[in-house]
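Visitor: no FASTA, just this:
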């Protein structure tokens, strides 16, 4: 993207533990953060009048993805400020929302609004490209955890009851906030690089701080949990110039590696002990073998590639990495060697950046919402093939990554949440 605009609206080889039909899509890019819903088969074509199961008006705009827990969909948005670039209004009226919606029919079940903690970054420049609700919620199946930047982290019950609130820093940035929370065992991890320059672990029952690690600079990236042989799990965090592998239970830094020497927006992707990090205005992607000790820059970097999605998170599937970058260029990279398999510029309409959303996979197809020109559908494979472009009668911006549940695709814009299915 030009310069982290959009931020992370939004990040391996053959994936084995694939989510089954009916599984929750409980965080950014679903189970394990991989964006994979193999077995599900939503339609690959739709319109305003075809294959729309339901359409629900949202109380405000946002770039966060919807998540699904059981029979409910949860999505965040913001209201009362910054909805009109020409007349943004009064920042003191800014609110953020967590909305609970019935999966069956799109009925709004509840709406919890949180006034912004001031001073907040004003609605201009890059913030105007994605707004104030970019981090995607996360759930452990019993509660919903949301990150609202300097306004804090909130935990809600599935019925909308507020359980706790925690502050993780007071700073703001001209590009806003974007990293999504991550739940593991009894902890909620939040990359508060913008708010306090740290990654912070909170007790998921009380919201009390369990540990923090500082030195996380210019990072809008959602961390990843890497599972290693022997049962060890590492929390991997990407930030300016450095990738760190942490003990998730204590925050101990287990290893460090050189990373992207620029701001970082795509989420870390972890698969079979390999982590993939990418970002930067000078394109850079690295594959790093997790499980090291100390500085592993010379020993654990498996390959590097001068490509990057800049904002979107790559999808790893069947030995390849896939993404569509902010310019609308579809790229496939070999997961073993790092060599570029294909690179195709798509015809995507719209001013400025074309795509902020990350791809998700279902039915052997990649679904990538563009900002202003419908959802791109590609065949998942080393040979480039675009199936088509599906558009809805909605002139607002689509920044969010889609979610998949059963044979339905959930897509959100700045105005509506759509459930697409046959």
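Guide: That came through, no problem. All values reported here derive from a predicted model rather than from experimental measurement.

Visitor: Show the contacting residues for residue 41.
Guide: Contact analysis of residue 41 by Cβ atoms under 8 Å, 6 or more residues apart in numbering lists 362, 363, 407. For the C-beta atoms, the positions are set from N, CA and C on the backbone; glycine is no exception.

Visitor: With residue 122 instead?
Guide: So residue 122 contacts 88, 91 (Cβ under 8 Å, 6+ apart).

Visitor: could you redo the last one with a cut-off of 10 Å?
Guide: 81, 82, 88, 91, 94, 128, 172, 174 (Cβ atoms under 10 Å, 6 or more residues apart in numbering).

Visitor: ok, now residue 161?
Guide: Residue 161 makes contact with 110, 112, 143, 155 under the criterion Cβ under 10 Å, 6+ apart.

Visitor: residue ranges for the strands of the stretch 51-200 of the chain, please.
Guide: 52-57, 67-69, 72-79, 95-102, 108-115, 138-139, 143-147, 153-157, 162-166, 182-184, 187-192, 198-203 (DSSP state E, counting those that start in this stretch).

Visitor: unless I'm mixing things up, residue 184 is touching residue 226, no?
Guide: No: Residue 184 lies out of contact with residue 226 (Cβ atoms under 10 Å); the separation is 11.4 Å.

Visitor: quick one on the thing from earlier: turn the contacts of residue 161 into TSV, including pLDDT and neighbour count.
Guide: Conversion of the contacts of residue 161 to TSV gives the following (pLDDT from 0 to 100; neighbours: other Cβ atoms under 10 Å):
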residue	pLDDT	neighbour count
110	98	14
112	98	18
143	98	19
155	98	23
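
Visitor: Could you export the residues you listed to JSON lines, including columns for distance to residue 238?
Guide: Putting those into JSON lines (distance: Cβ to Cβ, whole Å) gives the following:
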{"residue": "110", "distance to residue 238": "35"}
{"residue": "112", "distance to residue 238": "31"}
{"residue": "143", "distance to residue 238": "27"}
{"residue": "155", "distance to residue 238": "25"}
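
Visitor: Among the residues you listed, which one lies nearest to residue 320?
Guide: Relative to residue 320, the closest of the contacts of residue 161 is residue 143; by Cβ to Cβ it sits at 35.3 Å.

Visitor: And for the closest one, nearest residue in space, chain neighbours not counted?
Guide: Spatial nearest neighbour of residue 143, excluding adjacent residues (Cβ to Cβ, 6 or more residues apart in numbering): residue 155 at 5.2 Å.

Visitor: So what pairs up with the one you found in the strands?
Guide: residue 145, residue 164 (DSSP bridges).

Visitor: quick revisit: could I have the ChimeraX command that selects the buried members from the contacts of residue 41?
Guide: Buried residues within those, by 16 or more other Cβ atoms under 10 Å, are selected in ChimeraX with:
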select :362,363,407
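
Visitor: Enumerate every residue touching residue 358.
Guide: 8-11, 28-29, 33, 35, 65, 266-267, 269, 309, 311-315, 322-324, 366, 368-369, 400-402 are the contacts of residue 358 under Cβ under 10 Å, 6+ apart.

Visitor: Quick one: the strands in the stretch 301-422 of the chain, in order.
Guide: Counting by DSSP E, counting those that start in this stretch, the stretch 301-422 of the chain has strands at residues 301-305, 315-317, 320-324, 329-334, 340-345, 360-362, 365-369, 375-379, 386-390, 403-405, 408-412, 416-420.

Visitor: Show residues contacting the fifth one.
Guide: To tie it back to what came earlier, the one meant is strand 340-345. So strand 340-345 is in contact with 305-307, 319-322, 324-325, 327-335, 354, 378, 381-386, going by Cβ under 10 Å, 6+ apart.

Visitor: make it 6 Å
Guide: 329, 330, 331, 332, 333, 334, 382, 384 (Cβ atoms under 6 Å, 6 or more residues apart in numbering).

Visitor: and it, which residues are buried?
Guide: So for strand 340-345, counting by 16+ other Cβ under 10 Å, buried means residue 341.

Visitor: Name every strand pairing with that strand and say which way it goes.
Guide: Taking DSSP bridges as the criterion, strand 340-345 sits next to strand 329-334 (antiparallel) in its sheet.

Visitor: could you check the angle strand 365-369 makes with the strand it pairs with?
Guide: 140 degrees (axes from the mean of the first three to the mean of the last three Cα atoms, to 10 degrees).

Visitor: one step back: show me the contacts for the residue nearest to residue 143.
Guide: 143, 145, 163, 164.
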